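Q: build me a model:
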Amino acid sequence: MSKQKQDHNCMTDESVIVTHVNSPTLFYCRVEQDVERYEQLTKLIRQHIDSEPHSMPDLIRRNSVSGSVILALVYSDIHKDWCRARLISMKCDRNHKPICGKVLLIDFGSIEFVSWKSKFVSTSTLEIDDFNESRGLCFPCSLDNIKPYDDVKLDSEKPLQYEWTSYANFMFKKETTNGKFLLKVMKPDLLNDKIIVCDLLPMNDCSKLDEFPSLSQYLVDSKVARYINVSNF
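A: From the prediction side, this is the model:
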């Protein structure tokens, strides 16, 4: 997310694309103005990968610096390209040699497991690390006022803990892939988790969505979600 959009309390409605979906109540978006910035970042990454022999990140040295984060470049199987990643955890063999890393792709919001080999992992550069002040070009969101269709509990205070069906997640992901939406902000912050509570309004030809005013309405009418407070609609 660009610097001027980092303050969620000041965020207005934005044109966005969806970069990753966990569920309808936890997904990641990128504002339209950052799409071009991500292309600039990708160009920097490719230039670095093409011009440098792949060297592995020095995990010991990076860990020894107080307050540092381990940023690396990894080849994403999902995006079929090199991406900025933050190391979450590492699996090592019996000789304590890294074999697989669990990483967060900070510009998408997704988590991947990457074989810790030079074919798939590379050191980054300060310019790449510091791009967008080291913040990812995406931000977490949650659809407002909906919950899984079969959830009859009254507790609506923990939307991140909702257990969505795989079919509901599939439908939401399918209809947000390659689409452009107007992100309508409902609440700037969810339980202090810096998650924007919103609805997504279709802006272009989004498959079945043309006849629906919003993603939440589409999910409710498809009977994979229900409104928490019907009086809001």
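
Q: so how far is the helix or strand residue 111 falls within from its chain's centroid?
A: Following DSSP states H and E, one finds residue 111 within strand 110-115. Its chain's C-alpha centre lies 13 Å from the corresponding centre of strand 110-115 when counted by Cα atoms, centre = their mean, to the nearest Å.

Q: number the chain from 811, please
A: With the count now opening at 811, the last piece we talked about shows up as strand 920-925.

Q: what sits up against that strand?
A: Contacts to strand 920-925, defined as Cβ atoms under 8 Å, 6 or more residues apart in numbering, come from residues 829-830, 838, 884-888, 895, 898, 909-915, 930-931. In this view, the C-beta of every residue, glycine as well, is placed from N, C-alpha and C.

Q: residue 910 touches residue 900, doesn't it?
A: Yes: with contact defined as Cβ atoms under 8 Å, residue 910 and residue 900 form a contacting pair (7.4 Å).

Q: buried subset of the contacts of strand 920-925?
A: Neighbour-count burial (16 or more other Cβ atoms under 10 Å) applied to the contacts of strand 920-925 gives 829-830, 838, 884-886, 895, 910-911, 913-915, 930-931.

Q: for the biggest helix by length in the chain, what is the distance to the chain centroid?
A: Counting residues, the longest helix in the chain under DSSP state H turns out to be helix 842-861. Relative to its chain's centre, helix 842-861 lies at 17 Å (Cα atoms, centre = their mean).

Q: so where is the chain shaky, pLDDT-wise?
A: The chain contains residues with pLDDT under 70 at 811-822, 869-879, 963-967, 998-1003, 1014-1020, 1041-1043.

Q: tell me which stretches of it form helices.
A: Secondary structure of the chain (DSSP H): helices at 842-861, 869-874, 936-939, 976-986, 1025-1031.
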